[in-house]
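# need a structure here:
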Amino acid sequence: MEFRNSKSEIENRKSKILFVHNHLATFVRTDRELLAEKYRVREWFQRGRAVNLVALQRAVASSDLVFGWFASWHTFFPILLASRMCKPAILVVGGYDSANLPEIAYGSMRGGFKRRIAQTTMRRATQLITHSEFTRREVIQSVGIPAEKIEVIYLGFPPKPTTSILKEKMVLTIGNVLRENLLRKGIAPFVRAASELSDIPFWVVGRWSDDAIAELKSIASPNVTFTGFVDENVLDSLLTRAQVYVQASLHEGFGSAVAEAMLYECIPVVTRAGSLPEVVGDAGIYAESNKPQGLARAIQHALTLDASWGERARERIIQEFPMDARREKLFCLIDRLLADV
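Residues are numbered from 1 along each chain as shown. Model prediction:
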């Protein structure tokens with residue numbers, strides 16, 4: 001007689017992962033969904049400072065592994081508890097937690113309480129994941145983490161269907177409009193660059209999060225449109241139409257927005273900051289700086305390029321950053337750590 005395991009029995013045999021985050025950004029949600037394909041995933045969402053340590057201790061104790069996104073207060077206690085319980089803990093880092101840019105008041109590594117929390121959290125994790133070689137070097141330098149404890153696993157992107165819609169001579173950038181991002185994401189230089197190309201429509205897409213929008217509107221020329229938050233259908237339409245996408249950042253842990261735009265065959269114009277050269281490679285145009293005049297020259301050049309450049313950009317993301325590669329590497333790392341317990 002053949003006995004079949006019930007669905008619940010099979011589910012119960014899966015390893016249990018406590019998935020820790022403080023914001024379900026698209027790339028965080030993607031990892032949660034990937035892990036749920038193979039493991040039993042329980043979320044621990046920690047938004048504020050108040051931590052229910054009793055409930056958290058139970059959650060860590062009932063899990064086989066802790067998987068956290070970003071080194072900060074929300075991952076500090078889960079990683080610390082996992083370490084004390086001799087349970088493996090994976091921490092994905094790269095961005096504010098690893099940055100040290102005092103000139104724009106950005107990054108946990110500038111010092112103080114945030115630096116101590118981020119460094120301690122990274123050091124107590126069993127394994128760190130970064131999205132880029134740039135961030136790996138940044139963490140080694142800023143935190144002193146041994147190189148063998150950090151694995152680079154690039155973000156993954158599903159391919160977008162191609163379209164027959166012709167590109168328009170329009171220029172797009174995406175980012176939440178808040179004071180922190182005016183320089184870090186290059187939104188202010190982007191808006192100023194628009195005045196150098198007054199016959200070309202410039203679009204700034206992103207939620208208005210503070211009074212930064214008033215400053216941007218005060219410096220904007222008539223060819224700049226500020227959309228505020230848009231839904232996926234509107235964003236899809238804008239990316240489909242735009243010939244050029246601009247990321248004039250001063251720091252990027254990866255640059256998921258530019259990768260998404262490249263999938264839509266937008267020609268990327270970027271700075272050489274952070275991981276952007278790893279993402280764009282030779283499939284885009286590099287601005288000499290994020291100063292408005294230099295940025296405008298790079299955009300003007302990109303607007304003269306033919307459709308093959310957009311196709312080249314799309315192909316790079318499909319070939320270099322497939323979702324299957326991230327899935328495989330995440331599963332391999334998790335299974336190895338679980339086997340070592």
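
# any idea of the mean pLDDT for the lengthiest helix in the chain?
The longest helix of the chain (DSSP state H) is helix 323-340. Taken as a whole, helix 323-340 carries a mean pLDDT of 97.

# Flag every buried residue along it.
Neighbour-count burial for helix 323-340 flags Arg326, Arg327, Lys329, Leu330, Leu333, Ile334, Leu337 (criterion: 16 or more other Cβ atoms under 10 Å). Every residue, glycine included, has its C-beta placed from N, CA and C.

# Now stretch 187-205 - C-alpha only, PDB.
Output of stretch 187-205 as PDB, limited to C-alpha atoms (Å, rounded to 0.1, in the frame of the first residue of the first chain):
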ATOM      1  CA  ILE A 187      16.500  65.000  -8.100                       C
ATOM      2  CA  ALA A 188      17.500  68.700  -7.700                       C
ATOM      3  CA  PRO A 189      20.300  68.500 -10.300                       C
ATOM      4  CA  PHE A 190      17.900  66.700 -12.600                       C
ATOM      5  CA  VAL A 191      15.300  69.500 -12.300                       C
ATOM      6  CA  ARG A 192      18.000  72.200 -12.900                       C
ATOM      7  CA  ALA A 193      19.300  70.300 -15.900                       C
ATOM      8  CA  ALA A 194      15.900  70.600 -17.500                       C
ATOM      9  CA  SER A 195      16.400  74.300 -18.100                       C
ATOM     10  CA  GLU A 196      19.300  73.500 -20.400                       C
ATOM     11  CA  LEU A 197      17.000  71.400 -22.600                       C
ATOM     12  CA  SER A 198      13.800  73.500 -22.500                       C
ATOM     13  CA  ASP A 199      12.200  71.800 -25.500                       C
ATOM     14  CA  ILE A 200      12.400  68.300 -23.900                       C
ATOM     15  CA  PRO A 201       9.800  67.200 -21.300                       C
ATOM     16  CA  PHE A 202      11.300  66.200 -18.000                       C
ATOM     17  CA  TRP A 203       9.300  64.100 -15.500                       C
ATOM     18  CA  VAL A 204       9.900  63.600 -11.800                       C
ATOM     19  CA  VAL A 205       7.900  60.600 -10.600                       C
END
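
# Not counting its own residues, what contacts that stretch?
With contact meaning Cβ atoms under 8 Å, 6 or more residues apart in numbering, stretch 187-205 is reached by 168-175, 177, 181-183, 206, 215-216, 219-227, 230, 235, 238, 242, 246, 248, 290-293, 295-296, 299-300, 303.

# Give the helix, strand or coil label for Ile299.
When classified by DSSP: H, G, I helix; E, B strand; the rest coil, Ile299 comes out as helix.

# you'd agree it is up against Tyr245?
No: look at Ile299 against Tyr245 with Cβ atoms under 8 Å: they stay out of range, at 10.1 Å.

# Which residues are in contact with each of these two?
Here Ile299 and Tyr245 have Val171, Val269 as joint contacts, going by Cβ under 8 Å, 6+ apart.

# hmm, back to that, now the buried residues of helix 323-340 as TSV including distance to Leu53?
Formatted as TSV, the buried residues of helix 323-340 follow (distance: Cβ to Cβ, whole Å):
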residue	distance to Leu53
Arg326	32
Arg327	33
Lys329	32
Leu330	28
Leu333	28
Ile334	25
Leu337	24
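
# wait, doesn't Lys169 sit right on Leu305?
No: contact criterion Cβ under 8 Å: Lys169 and Leu305 do not qualify, at 11.3 Å.

# Measure how buried Ala212 is and give me the count.
As a burial measure, Ala212 scores 18 neighbours (other Cβ atoms under 10 Å).

# Neighbours of the spatially closest residue to it that is not a sequence neighbour, how many?
Distance criterion Cβ to Cβ, 6 or more residues apart in numbering; nearest residue to Ala212, sequence neighbours excluded, is Arg179 at 4.6 Å. Using other Cβ under 10 Å, Arg179 has 15 neighbouring residues.

# give me every residue that touches Arg179.
By Cβ under 8 Å, 6+ apart, the residues touching Arg179 are Asp210, Asp211, Ala212, Glu215.

# can you check Arg312 too?
Each residue near Arg312 by Cβ under 8 Å, 6+ apart is listed here: Ala283.

# can you tell me the distance between the two ends of stretch 281-297?
This stretch, stretch 281-297, spans 19 Å end to end (Cα to Cα, to the nearest Å).

# same deal with stretch 34-48?
Taking Cα to Cα, the first and last residues of stretch 34-48 lie 26 Å apart.

# again with stretch 125-135
Chord length of stretch 125-135, first to last residue, is 17 Å (Cα to Cα).

# quick one: buried residues of that stretch?
Result for stretch 125-135 [16+ other Cβ under 10 Å]: buried residues Ala125, Thr126, Gln127, Leu128, Ile129, Thr130, His131, Ser132, Phe134, Thr135.

# Next, give me the two most distant ones among the residues you listed.
Thr126 and Phe134 (22.7 Å; Cβ to Cβ).

# circling back to that earlier point, neighbour-wise, give me the winner out of the contacts of Arg179.
For these, the largest number of neighbours (other Cβ under 10 Å) sits with Ala212, at 18 neighbours.

# Appreciated, that's everything.
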